[in-house]
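In: predicted model and sequence below, questions to follow.
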Amino acid sequence: MSNPMENITSRLGGCNVAEASQTSGKKLVLRQLTRREEGVVHVRLADQQADPNSPLYSVKSFEELGLSRKLLMGLYAMPYTKPSKFQERALPLLINDPPKNMIGQSQSGTGKTATIVLTMLTRLNLGLEAPQAICLAPSRELACQIIDVLQEMGKFTGVTSTLAIRELLVRDAPIYSQVVIGTPGTVCGVIRRKQLSVEAIKILVLDEADEMLDSASLGDQGIRIKRCIPGNPQLVLFSATLPEHVRNFANQFASGANEISLRREDLSANAIKQFYMVCESDEHKYETLCNIYNLLTVSQSIIFCERRDTSDEIARRMIEQGHLVKSLHGTMLPDERDRLMDGFRRGIFKVLISTNVIARGIDIPQVSLVINYDLHFDKFHIIDFESYLHRIGRTGRFGRTGVSIILIDSKKAWDGMKRIERHFGKEIAHVPTDDWQNVENFFKGVI
Ligand SMILES: Nc1ncnc2c1ncn2[C@@H]1O[C@H](COP(=O)(O)OP(=O)(O)OP(=O)(O)O)[C@@H](O)[C@H]1O
(Lines give C-alpha, C1' and ligand atoms only; values in the text may rest on other atoms or scores of the structure.)
Protein backbone atom coordinates (compact mmCIF):
# COMPACT_ATOMS: atom_id res chain seq x y z
CA MET A 1 0.00 0.00 0.00
CA SER A 2 1.28 3.49 -0.77
CA ASN A 3 2.27 5.73 2.08
CA PRO A 4 -0.97 7.39 3.22
CA MET A 5 0.94 10.29 4.73
CA GLU A 6 2.34 11.31 1.34
CA ASN A 7 -1.04 11.21 -0.30
CA ILE A 8 -2.88 12.96 2.43
CA THR A 9 -0.26 15.70 2.58
CA SER A 10 -1.17 16.70 -0.93
CA ARG A 11 -4.90 16.23 -0.35
CA LEU A 12 -4.76 18.45 2.71
CA GLY A 13 -3.68 21.29 0.50
CA GLY A 14 -0.24 21.89 1.90
CA CYS A 15 -0.90 21.95 5.63
CA ASN A 16 2.04 20.57 7.51
CA VAL A 17 1.02 17.02 8.29
CA ALA A 18 4.61 15.83 8.15
CA GLU A 19 5.49 18.17 10.99
CA ALA A 20 2.50 16.99 12.95
CA SER A 21 3.54 13.40 12.37
CA GLN A 22 6.70 13.98 14.36
CA THR A 23 4.63 14.69 17.41
CA SER A 24 4.83 11.54 19.39
CA GLY A 25 1.79 10.35 21.27
CA LYS A 26 4.04 8.26 23.49
CA LYS A 27 4.75 11.03 25.92
CA LEU A 28 1.04 11.22 26.62
CA VAL A 29 0.93 7.68 27.84
CA LEU A 30 -0.20 7.64 31.43
CA ARG A 31 2.37 6.01 33.65
CA GLN A 32 0.76 6.06 37.02
CA LEU A 33 -1.35 2.97 36.52
CA THR A 34 -2.44 1.09 39.55
CA ARG A 35 -5.48 -0.99 38.62
CA ARG A 36 -7.04 -2.66 35.62
CA GLU A 37 -10.69 -3.65 35.58
CA GLU A 38 -12.30 -5.12 32.47
CA GLY A 39 -9.68 -3.37 30.38
CA VAL A 40 -10.46 0.08 31.83
CA VAL A 41 -7.42 1.74 33.32
CA HIS A 42 -7.77 3.61 36.61
CA VAL A 43 -5.43 5.86 38.45
CA ARG A 44 -6.33 5.28 42.07
CA LEU A 45 -9.45 7.37 42.79
CA ALA A 46 -8.29 8.22 46.30
CA ASP A 47 -5.05 9.69 44.84
CA GLN A 48 -7.01 11.84 42.41
CA GLN A 49 -9.42 13.02 45.07
CA ALA A 50 -6.40 14.14 47.09
CA ASP A 51 -4.82 16.04 44.17
CA PRO A 52 -5.84 19.75 44.20
CA ASN A 53 -5.43 19.90 40.41
CA SER A 54 -7.89 17.10 39.76
CA PRO A 55 -11.58 17.86 39.09
CA LEU A 56 -12.28 15.07 41.58
CA TYR A 57 -10.44 16.84 44.40
CA SER A 58 -12.38 17.69 47.52
CA VAL A 59 -11.56 18.56 51.09
CA LYS A 60 -14.96 17.84 52.51
CA SER A 61 -16.91 14.67 53.08
CA PHE A 62 -20.51 14.17 51.95
CA GLU A 63 -21.59 14.56 55.62
CA GLU A 64 -20.20 18.09 55.65
CA LEU A 65 -22.33 19.13 52.68
CA GLY A 66 -25.58 19.15 54.62
CA LEU A 67 -27.26 16.10 53.08
CA SER A 68 -29.90 14.07 54.92
CA ARG A 69 -29.06 10.74 56.57
CA LYS A 70 -31.15 8.79 54.04
CA LEU A 71 -29.30 10.41 51.14
CA LEU A 72 -25.95 9.65 52.76
CA MET A 73 -27.04 6.02 53.10
CA GLY A 74 -27.94 6.02 49.39
CA LEU A 75 -24.59 7.55 48.43
CA TYR A 76 -22.50 5.17 50.49
CA ALA A 77 -24.43 2.20 49.08
CA MET A 78 -23.52 3.28 45.50
CA PRO A 79 -20.67 3.27 46.74
CA TYR A 80 -19.47 6.90 46.65
CA THR A 81 -16.93 7.84 49.29
CA LYS A 82 -16.08 11.51 48.67
CA PRO A 83 -17.59 14.30 46.57
CA SER A 84 -15.91 15.65 43.44
CA LYS A 85 -14.76 19.28 43.33
CA PHE A 86 -17.99 20.26 41.56
CA GLN A 87 -20.20 18.37 44.00
CA GLU A 88 -18.39 19.96 46.93
CA ARG A 89 -18.85 23.46 45.53
CA ALA A 90 -22.31 23.13 44.03
CA LEU A 91 -24.28 21.11 46.57
CA PRO A 92 -24.13 23.52 49.54
CA LEU A 93 -25.23 26.38 47.23
CA LEU A 94 -28.01 24.28 45.72
CA ILE A 95 -29.57 22.94 48.89
CA ASN A 96 -29.23 26.13 50.89
CA ASP A 97 -32.38 28.07 51.86
CA PRO A 98 -33.87 30.17 50.42
CA PRO A 99 -33.34 28.25 47.15
CA LYS A 100 -31.21 30.02 44.55
CA ASN A 101 -30.91 29.34 40.85
CA MET A 102 -27.68 27.84 39.55
CA ILE A 103 -25.83 27.72 36.24
CA GLY A 104 -23.14 25.09 36.70
CA GLN A 105 -20.37 23.83 34.49
CA SER A 106 -18.05 20.93 35.16
CA GLN A 107 -16.05 18.51 33.00
CA SER A 108 -17.71 15.40 31.59
CA GLY A 109 -17.88 12.55 34.04
CA THR A 110 -17.35 14.60 37.22
CA GLY A 111 -20.69 13.87 38.84
CA LYS A 112 -23.23 16.45 37.67
CA THR A 113 -26.00 13.83 37.59
CA ALA A 114 -25.52 12.97 41.26
CA THR A 115 -25.60 16.70 42.03
CA ILE A 116 -28.91 17.09 40.20
CA VAL A 117 -30.40 14.05 41.89
CA LEU A 118 -29.26 15.01 45.42
CA THR A 119 -30.62 18.54 44.96
CA MET A 120 -34.02 17.33 43.77
CA LEU A 121 -34.24 14.76 46.57
CA THR A 122 -33.33 17.38 49.17
CA ARG A 123 -35.99 19.77 47.93
CA LEU A 124 -38.87 17.25 48.10
CA ASN A 125 -41.52 17.07 50.75
CA LEU A 126 -41.54 13.29 50.86
CA GLY A 127 -44.87 13.30 52.70
CA LEU A 128 -46.60 14.93 49.73
CA GLU A 129 -47.53 12.59 46.88
CA ALA A 130 -47.50 15.20 44.12
CA PRO A 131 -45.01 16.23 41.42
CA GLN A 132 -42.45 18.58 42.99
CA ALA A 133 -39.38 18.33 40.74
CA ILE A 134 -38.96 18.21 36.97
CA CYS A 135 -35.68 17.34 35.25
CA LEU A 136 -35.38 17.79 31.48
CA ALA A 137 -32.80 15.98 29.35
CA PRO A 138 -32.27 16.26 25.60
CA SER A 139 -32.46 12.53 24.82
CA ARG A 140 -34.51 9.57 26.02
CA GLU A 141 -31.31 7.63 26.76
CA LEU A 142 -30.12 10.35 29.13
CA ALA A 143 -33.51 10.71 30.82
CA CYS A 144 -33.53 6.92 31.46
CA GLN A 145 -30.04 7.14 32.95
CA ILE A 146 -30.93 10.03 35.29
CA ILE A 147 -34.02 8.25 36.62
CA ASP A 148 -31.93 5.13 37.30
CA VAL A 149 -29.50 7.23 39.37
CA LEU A 150 -32.42 8.87 41.20
CA GLN A 151 -33.96 5.53 42.09
CA GLU A 152 -30.66 4.09 43.23
CA MET A 153 -29.48 7.11 45.20
CA GLY A 154 -32.92 7.77 46.66
CA LYS A 155 -33.74 4.17 47.55
CA PHE A 156 -33.84 4.88 51.31
CA THR A 157 -36.09 7.93 50.90
CA GLY A 158 -39.15 6.26 49.35
CA VAL A 159 -39.20 8.83 46.52
CA THR A 160 -41.60 8.20 43.65
CA SER A 161 -40.61 9.03 40.08
CA THR A 162 -41.93 8.92 36.53
CA LEU A 163 -40.01 8.76 33.29
CA ALA A 164 -41.67 11.05 30.74
CA ILE A 165 -40.39 9.93 27.35
CA ARG A 166 -42.32 9.28 24.17
CA GLU A 167 -44.36 6.09 24.01
CA LEU A 168 -43.79 5.20 27.63
CA LEU A 169 -46.59 7.03 29.39
CA VAL A 170 -50.18 5.86 29.43
CA ARG A 171 -52.02 8.66 27.68
CA ASP A 172 -54.16 10.77 29.99
CA ALA A 173 -53.28 8.82 33.16
CA PRO A 174 -52.46 11.41 35.82
CA ILE A 175 -48.88 11.53 37.13
CA TYR A 176 -48.63 11.65 40.92
CA SER A 177 -44.91 10.92 41.26
CA GLN A 178 -42.77 13.40 43.17
CA VAL A 179 -40.06 13.60 40.49
CA VAL A 180 -40.65 13.65 36.74
CA ILE A 181 -37.67 13.17 34.45
CA GLY A 182 -38.09 13.35 30.71
CA THR A 183 -37.52 14.96 27.35
CA PRO A 184 -38.88 18.50 26.88
CA GLY A 185 -41.46 17.60 24.21
CA THR A 186 -43.05 14.82 26.24
CA VAL A 187 -43.02 16.83 29.48
CA CYS A 188 -44.63 19.77 27.65
CA GLY A 189 -47.27 17.38 26.32
CA VAL A 190 -48.19 15.92 29.73
CA ILE A 191 -48.45 19.42 31.22
CA ARG A 192 -50.62 20.62 28.33
CA ARG A 193 -52.94 17.62 28.63
CA LYS A 194 -53.11 18.22 32.39
CA GLN A 195 -51.71 14.78 33.11
CA LEU A 196 -49.02 16.50 35.13
CA SER A 197 -49.96 19.18 37.64
CA VAL A 198 -47.24 21.77 38.13
CA GLU A 199 -48.87 23.41 41.18
CA ALA A 200 -46.37 21.93 43.67
CA ILE A 201 -43.24 22.05 41.47
CA LYS A 202 -40.35 23.58 43.42
CA ILE A 203 -37.41 22.85 41.16
CA LEU A 204 -36.83 22.66 37.41
CA VAL A 205 -33.53 21.22 36.15
CA LEU A 206 -32.16 21.43 32.61
CA ASP A 207 -29.41 18.89 32.13
CA GLU A 208 -27.21 19.59 29.09
CA ALA A 209 -28.64 23.10 29.35
CA ASP A 210 -26.62 24.57 26.46
CA GLU A 211 -28.02 21.98 24.06
CA MET A 212 -31.54 22.68 25.27
CA LEU A 213 -31.32 26.46 25.16
CA ASP A 214 -29.45 26.56 21.86
CA SER A 215 -31.93 24.38 20.01
CA ALA A 216 -35.04 26.26 18.86
CA SER A 217 -37.52 23.52 19.68
CA LEU A 218 -35.97 22.23 22.92
CA GLY A 219 -35.40 25.82 24.06
CA ASP A 220 -39.02 26.83 23.37
CA GLN A 221 -40.33 23.79 25.20
CA GLY A 222 -38.05 24.49 28.18
CA ILE A 223 -39.27 28.09 28.34
CA ARG A 224 -42.89 26.98 28.05
CA ILE A 225 -42.49 24.50 30.90
CA LYS A 226 -40.87 27.16 33.08
CA ARG A 227 -43.71 29.61 32.36
CA CYS A 228 -46.36 27.05 33.36
CA ILE A 229 -44.89 26.62 36.83
CA PRO A 230 -46.42 29.00 39.37
CA GLY A 231 -44.27 31.02 41.81
CA ASN A 232 -40.50 30.97 41.54
CA PRO A 233 -39.21 27.43 41.21
CA GLN A 234 -35.50 26.91 41.72
CA LEU A 235 -33.89 26.71 38.28
CA VAL A 236 -30.80 24.57 37.80
CA LEU A 237 -28.89 24.55 34.50
CA PHE A 238 -25.96 22.16 34.07
CA SER A 239 -23.57 21.22 31.31
CA ALA A 240 -19.91 20.49 30.62
CA THR A 241 -20.05 23.20 27.94
CA LEU A 242 -21.68 26.60 28.15
CA PRO A 243 -20.52 28.74 25.21
CA GLU A 244 -20.79 32.48 25.67
CA HIS A 245 -23.92 33.05 23.58
CA VAL A 246 -25.79 30.32 25.46
CA ARG A 247 -24.54 31.56 28.83
CA ASN A 248 -26.24 34.91 28.19
CA PHE A 249 -29.47 33.15 27.40
CA ALA A 250 -29.02 30.93 30.46
CA ASN A 251 -28.64 34.05 32.62
CA GLN A 252 -31.96 35.35 31.35
CA PHE A 253 -33.62 31.95 31.88
CA ALA A 254 -32.29 31.56 35.43
CA SER A 255 -31.87 35.10 36.68
CA GLY A 256 -29.71 35.85 39.71
CA ALA A 257 -28.17 32.39 39.50
CA ASN A 258 -25.05 31.28 41.35
CA GLU A 259 -22.55 30.42 38.66
CA ILE A 260 -19.83 27.79 38.56
CA SER A 261 -17.81 27.95 35.39
CA LEU A 262 -14.63 26.55 33.93
CA ARG A 263 -11.88 28.10 31.85
CA ARG A 264 -11.75 26.77 28.30
CA GLU A 265 -8.34 25.16 28.90
CA ASP A 266 -9.78 23.21 31.81
CA LEU A 267 -12.72 21.85 29.87
CA SER A 268 -11.12 18.79 28.36
CA ALA A 269 -10.16 16.42 31.11
CA ASN A 270 -6.53 15.28 31.24
CA ALA A 271 -7.78 11.75 31.83
CA ILE A 272 -8.66 11.49 28.14
CA LYS A 273 -5.65 10.94 25.88
CA GLN A 274 -6.45 12.44 22.50
CA PHE A 275 -5.01 11.09 19.24
CA TYR A 276 -5.60 11.40 15.52
CA MET A 277 -4.82 9.14 12.57
CA VAL A 278 -4.59 10.27 8.97
CA CYS A 279 -6.35 8.19 6.30
CA GLU A 280 -5.95 8.61 2.58
CA SER A 281 -9.46 7.69 1.44
CA ASP A 282 -12.85 6.61 2.69
CA GLU A 283 -11.88 2.98 2.27
CA HIS A 284 -8.58 3.52 4.06
CA LYS A 285 -10.52 5.13 6.90
CA TYR A 286 -12.67 2.03 7.22
CA GLU A 287 -9.59 -0.23 7.07
CA THR A 288 -7.92 1.87 9.76
CA LEU A 289 -10.98 1.48 11.97
CA CYS A 290 -10.94 -2.30 11.54
CA ASN A 291 -7.19 -2.42 12.15
CA ILE A 292 -7.69 -0.60 15.45
CA TYR A 293 -10.13 -3.27 16.57
CA ASN A 294 -8.02 -6.13 15.23
CA LEU A 295 -5.02 -4.83 17.11
CA LEU A 296 -6.28 -3.52 20.41
CA THR A 297 -8.20 -5.18 23.17
CA VAL A 298 -10.76 -2.59 24.09
CA SER A 299 -13.28 -3.18 26.86
CA GLN A 300 -16.06 -1.10 25.31
CA SER A 301 -16.04 1.69 22.77
CA ILE A 302 -18.19 4.14 20.86
CA ILE A 303 -17.69 5.15 17.23
CA PHE A 304 -19.27 8.50 16.29
CA CYS A 305 -20.39 9.12 12.72
CA GLU A 306 -21.93 12.20 11.22
CA ARG A 307 -24.65 10.38 9.28
CA ARG A 308 -27.04 7.62 10.20
CA ASP A 309 -26.40 5.75 6.95
CA THR A 310 -22.64 5.76 7.65
CA SER A 311 -23.33 4.35 11.10
CA ASP A 312 -25.48 1.55 9.64
CA GLU A 313 -23.04 0.85 6.83
CA ILE A 314 -20.00 0.55 9.10
CA ALA A 315 -21.98 -1.70 11.44
CA ARG A 316 -23.04 -3.90 8.51
CA ARG A 317 -19.48 -4.27 7.23
CA MET A 318 -17.95 -4.84 10.65
CA ILE A 319 -20.56 -7.48 11.50
CA GLU A 320 -19.77 -9.25 8.20
CA GLN A 321 -16.14 -9.32 9.31
CA GLY A 322 -17.08 -10.94 12.61
CA HIS A 323 -17.10 -7.92 14.96
CA LEU A 324 -19.83 -7.71 17.60
CA VAL A 325 -21.12 -4.17 16.97
CA LYS A 326 -24.49 -2.38 16.80
CA SER A 327 -25.62 0.87 15.25
CA LEU A 328 -27.93 3.24 17.16
CA HIS A 329 -29.46 6.47 15.88
CA GLY A 330 -32.49 8.72 15.99
CA THR A 331 -34.57 7.12 13.22
CA MET A 332 -34.82 3.82 15.10
CA LEU A 333 -37.95 2.91 17.00
CA PRO A 334 -37.76 3.97 20.65
CA ASP A 335 -38.07 0.35 21.80
CA GLU A 336 -35.15 -0.66 19.67
CA ARG A 337 -33.04 2.26 20.98
CA ASP A 338 -33.83 1.27 24.56
CA ARG A 339 -32.93 -2.37 23.87
CA LEU A 340 -29.63 -1.41 22.25
CA MET A 341 -28.65 0.95 25.05
CA ASP A 342 -29.51 -1.67 27.62
CA GLY A 343 -27.44 -4.31 25.80
CA PHE A 344 -24.45 -1.97 25.56
CA ARG A 345 -24.72 -1.00 29.23
CA ARG A 346 -24.72 -4.65 30.20
CA GLY A 347 -21.70 -5.30 27.98
CA ILE A 348 -23.58 -7.76 25.74
CA PHE A 349 -21.87 -6.12 22.79
CA LYS A 350 -18.70 -4.08 23.01
CA VAL A 351 -18.85 -1.55 20.19
CA LEU A 352 -21.63 0.96 19.67
CA ILE A 353 -21.69 2.99 16.46
CA SER A 354 -23.81 6.09 16.68
CA THR A 355 -24.46 9.70 15.80
CA ASN A 356 -24.57 12.72 18.11
CA VAL A 357 -27.71 11.28 19.70
CA ILE A 358 -25.62 9.65 22.45
CA ALA A 359 -22.85 12.26 22.50
CA ARG A 360 -24.04 13.83 25.73
CA GLY A 361 -24.34 12.58 29.25
CA ILE A 362 -24.29 8.84 28.62
CA ASP A 363 -22.32 7.19 31.41
CA ILE A 364 -20.92 3.74 30.75
CA PRO A 365 -17.76 3.48 32.84
CA GLN A 366 -16.31 0.56 30.81
CA VAL A 367 -16.04 2.72 27.67
CA SER A 368 -12.29 3.15 27.27
CA LEU A 369 -12.17 4.30 23.63
CA VAL A 370 -14.10 6.85 21.59
CA ILE A 371 -13.50 7.08 17.87
CA ASN A 372 -14.55 10.13 15.90
CA TYR A 373 -15.02 8.42 12.55
CA ASP A 374 -16.33 11.81 11.41
CA LEU A 375 -16.08 15.10 13.28
CA HIS A 376 -19.25 17.10 13.76
CA PHE A 377 -19.59 20.39 11.86
CA ASP A 378 -22.55 22.74 12.21
CA LYS A 379 -24.84 23.78 9.37
CA PHE A 380 -22.35 26.53 8.40
CA HIS A 381 -19.60 23.86 8.17
CA ILE A 382 -17.92 25.21 11.29
CA ILE A 383 -16.36 22.66 13.61
CA ASP A 384 -18.54 22.03 16.65
CA PHE A 385 -16.19 22.21 19.65
CA GLU A 386 -18.88 21.38 22.17
CA SER A 387 -19.96 18.22 20.45
CA TYR A 388 -16.33 17.04 20.21
CA LEU A 389 -15.89 17.55 23.94
CA HIS A 390 -19.10 15.74 24.81
CA ARG A 391 -18.27 12.85 22.47
CA ILE A 392 -14.81 12.23 23.91
CA GLY A 393 -16.29 12.69 27.38
CA ARG A 394 -18.03 9.30 27.03
CA THR A 395 -14.70 7.86 28.14
CA GLY A 396 -12.32 8.79 30.96
CA ARG A 397 -15.14 9.13 33.49
CA PHE A 398 -14.65 9.82 37.18
CA GLY A 399 -11.03 8.82 37.57
CA ARG A 400 -10.78 6.37 34.69
CA THR A 401 -8.47 7.03 31.79
CA GLY A 402 -9.73 6.90 28.25
CA VAL A 403 -8.54 7.30 24.70
CA SER A 404 -10.09 9.24 21.85
CA ILE A 405 -9.05 8.93 18.22
CA ILE A 406 -10.06 11.18 15.33
CA LEU A 407 -9.84 9.63 11.87
CA ILE A 408 -8.84 12.37 9.45
CA ASP A 409 -9.62 11.82 5.77
CA SER A 410 -10.02 15.32 4.35
CA LYS A 411 -8.71 18.85 4.61
CA LYS A 412 -11.95 19.84 6.28
CA ALA A 413 -11.43 17.23 9.01
CA TRP A 414 -7.77 18.23 9.37
CA ASP A 415 -8.66 21.91 9.77
CA GLY A 416 -11.42 20.97 12.22
CA MET A 417 -8.98 18.96 14.32
CA LYS A 418 -6.44 21.79 14.34
CA ARG A 419 -9.12 24.26 15.44
CA ILE A 420 -10.13 21.89 18.25
CA GLU A 421 -6.50 21.79 19.41
CA ARG A 422 -6.26 25.58 19.43
CA HIS A 423 -9.67 26.10 21.02
CA PHE A 424 -9.02 23.84 24.00
CA GLY A 425 -5.26 24.53 24.12
CA LYS A 426 -4.49 20.83 24.14
CA GLU A 427 -2.35 18.83 21.75
CA ILE A 428 -3.93 15.95 19.88
CA ALA A 429 -1.12 13.48 19.20
CA HIS A 430 -0.50 11.88 15.82
CA VAL A 431 -0.48 8.11 15.42
CA PRO A 432 0.91 7.04 12.01
CA THR A 433 -1.10 4.44 10.13
CA ASP A 434 1.73 2.98 8.09
CA ASP A 435 3.33 0.86 10.79
CA TRP A 436 0.79 -1.10 12.79
CA GLN A 437 3.43 -2.72 14.94
CA ASN A 438 4.26 0.75 16.19
CA VAL A 439 0.59 1.73 16.54
CA GLU A 440 0.23 -0.92 19.19
CA ASN A 441 2.99 0.73 21.21
CA PHE A 442 1.19 4.07 21.18
CA PHE A 443 -1.77 2.67 23.05
CA LYS A 444 0.10 0.36 25.42
CA GLY A 445 -0.95 1.22 28.93
CA VAL A 446 -3.73 3.63 28.00
CA ILE A 447 -6.42 1.31 26.65
N1 LIG B 1 -18.63 11.30 44.36
C2 LIG B 1 -18.53 10.27 43.55
N3 LIG B 1 -17.78 9.20 43.87
C4 LIG B 1 -17.63 8.15 43.03
N5 LIG B 1 -18.22 8.08 41.80
C6 LIG B 1 -18.98 9.13 41.42
C7 LIG B 1 -19.19 10.27 42.26
N8 LIG B 1 -19.99 11.14 41.60
C9 LIG B 1 -20.28 10.57 40.41
N10 LIG B 1 -19.69 9.37 40.30
C11 LIG B 1 -19.71 8.44 39.14
O12 LIG B 1 -19.01 9.11 38.10
C13 LIG B 1 -19.56 8.79 36.84
C14 LIG B 1 -19.82 10.07 36.05
O15 LIG B 1 -20.82 10.84 36.70
P16 LIG B 1 -21.94 11.65 35.90
O17 LIG B 1 -22.56 10.80 34.84
O18 LIG B 1 -22.81 12.27 36.90
O19 LIG B 1 -21.03 12.76 35.20
P20 LIG B 1 -21.49 14.11 34.49
O21 LIG B 1 -20.67 15.19 35.10
O22 LIG B 1 -22.96 14.24 34.54
O23 LIG B 1 -20.98 13.85 33.01
P24 LIG B 1 -21.53 14.41 31.60
O25 LIG B 1 -21.04 15.83 31.47
O26 LIG B 1 -20.91 13.50 30.61
O27 LIG B 1 -23.02 14.34 31.65
C28 LIG B 1 -20.81 7.98 37.11
O29 LIG B 1 -20.52 6.61 36.86
C30 LIG B 1 -21.10 8.22 38.57
O31 LIG B 1 -21.71 7.10 39.17
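Out: Cool, the structure landed. All of these numbers come straight from a predicted model, not from anything done at the bench. Numbering: from 1, shown residues only.

In: what about stretch 85-104, distance to the chain center?
Out: Computed by CA atoms, centre = their mean, to the nearest Å, the separation of stretch 85-104 from the middle of its chain amounts to 21 Å.

In: Ser61: neighbour count?
Out: Residues within reach of Ser61, counting by other CB atoms under 10 Å, total 12. Just so you know, the C-beta spots here come from the backbone N, C-alpha and C atoms, and that holds for glycine as well.

In: give me the nearest residue to the residue in the stretch 251-400 of the chain that the ligand sits nearest to, chain neighbours excluded.
Out: Closest approach between the stretch 251-400 of the chain and the ligand, counting by CB to the nearest ligand atom: Phe398, at 3.1 Å. Nearest residue to Phe398, sequence neighbours excluded (CB to CB, 6 or more residues apart in numbering): Gly109, at 5.2 Å.

In: same thing with Ser281?
Out: Asp409 (6.8 Å).

In: and the pLDDT at the one you found?
Out: Asp409 is assigned 96 on the pLDDT scale.

In: again with Arg69
Out: 97.

In: where's it relative to the ligand, distance?
Out: According to CB to the nearest ligand atom, to the nearest Å, Arg69 and the ligand sit 17 Å apart.

In: mind checking the backbone torsions on that residue?
Out: Phi and psi for Arg69, reported as degrees, to the nearest 10, are phi -60, psi -40.

In: ok, and the closest non-adjacent residue to the closest residue to the ligand within the stretch 151-300 of the chain?
Out: The nearest approach of the stretch 151-300 of the chain to the ligand comes at Ala240, 4.0 Å away (CB to the nearest ligand atom). Distance criterion CB to CB, 6+ apart; nearest residue to Ala240, sequence neighbours excluded, is Ser108 at 4.7 Å.

In: list the contacts for that neighbour?
Out: 240, 269, 389-390, 392-394, 396-397 (CB atoms under 8 Å, 6 or more residues apart in numbering).

In: find the residue at the geometric middle of this protein.
Out: Centroid check for the chain by CA atoms, centre = their mean gives Gly361 as the closest residue, at 3.0 Å.

In: and it, what element?
Out: Here Gly361, judged by DSSP states H and E, is contained in no helix and no strand.

In: ok, Ala413 to Ile428 distance?
Out: Distance of Ala413 to Ile428, given as CB to CB, to the nearest Å: 12 Å.

In: so what sits against both of the two?
Out: Once CB under 8 Å, 6+ apart is applied, the residues that Ala413 and Ile428 both contact turn out to be Ile406.

In: in the stretch 1-150 of the chain, which spans are strands?
Out: Counting by DSSP state E, counting those that start in this stretch, one finds strands in the stretch 1-150 of the chain at the ranges 35-37, 40-42, 102-105, 133-136.

In: now the second one: mean pLDDT?
Out: Yep, that's strand 40-42 we're talking about. So the average pLDDT for strand 40-42 ends up being 51.

In: then the last one?
Out: The predicted model assigns strand 133-136 a mean pLDDT of 98.

In: for stretch 236-252, same thing?
Out: Computed over stretch 236-252, the average pLDDT equals 93.

In: swap in stretch 85-96?
Out: Averaged across stretch 85-96, pLDDT comes to 96.

In: quick revisit: helix or strand for the residue of the stretch 251-400 of the chain closest to the ligand, which one?
Out: Going by DSSP H and E, Phe398 is not in any helix or strand.

In: quick one: residues contacting it.
Out: Here Phe398 is in contact with 45, 56, 84, 109-111, 365 (criterion: CB under 8 Å, 6+ apart).

In: same for the ligand: which of the residues you listed are within range?
Out: 84, 109-111, 365 (CB under 6 Å from any ligand atom).

In: which residues of the protein lie near the ligand?
Out: 80, 83-84, 87, 106, 108-114, 240, 361, 363, 365, 393, 397-398.

In: inside helices: which ones of those residues?
Out: Secondary structure from DSSP state H places 87, 112-114 of the residues of the chain next to the ligand in helices.

In: could you identify the most distant pair in the residues you listed?
Out: Greatest spatial distance in these: Gln87 and Thr113, 10.4 Å, computed using CB to CB.

In: who's more crowded, those two?
Out: Counted by other CB under 10 Å, Gln87 and Thr113 do not tie: Gln87 has more neighbours, with 25 against 22.

In: that one is in contact with Val117, isn't it?
Out: No - counting by CB atoms under 8 Å, Gln87 stays clear of Val117, with 10.9 Å between them.

In: give the contact list for Ile371.
Out: 289, 292, 301-304, 404-407.

In: so it is in which element?
Out: Using DSSP H and E, Ile371 falls in strand 367-372.

In: tell me how far that strand is from the chain's mean position?
Out: On CA atoms, centre = their mean, the centre of strand 367-372 falls 12 Å from that of its chain.

In: just stretch 64-79 next, same as before
Out: The gap between where stretch 64-79 is centred and where its chain is centred comes out at 24 Å by CA atoms, centre = their mean.

In: go on, stretch 299-313?
Out: Worked out by CA atoms, centre = their mean, stretch 299-313 lies 16 Å from the chain centre.

In: so which bits of it are buried?
Out: Neighbour-count burial for stretch 299-313, counted by 16 or more other CB atoms under 10 Å, picks out 299-305, 308, 310-312.

In: out of those, list just those in helices.
Out: Filtering the buried residues of stretch 299-313 for helices - DSSP H - leaves 308, 310-312.

In: looking at these, spot the one nearest Ala164.
Out: Arg308 (25.3 Å).

In: from Met318, how far off is that closest one?
Out: 16 Å.

In: check contacts around the residue nearest to Gly330 when sequence neighbours are not counted.
Out: Counting by CB to CB, 6+ apart, Gly330 lies nearest to Val357, which is 4.9 Å off, once chain neighbours are set aside. Val357 is in contact with 139, 141, 328-330, counting by CB under 8 Å, 6+ apart.

In: picking up where we left off before, need the ones in helices among the residues of the chain next to the ligand in a markdown table with distance to Leu206, can you?
Out: Formatted as a markdown table, these follow (distance: CB to CB, whole Å):
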| residue | distance to Leu206 |
| --- | --- |
| Gln87 | 18 |
| Lys112 | 12 |
| Thr113 | 13 |
| Ala114 | 17 |
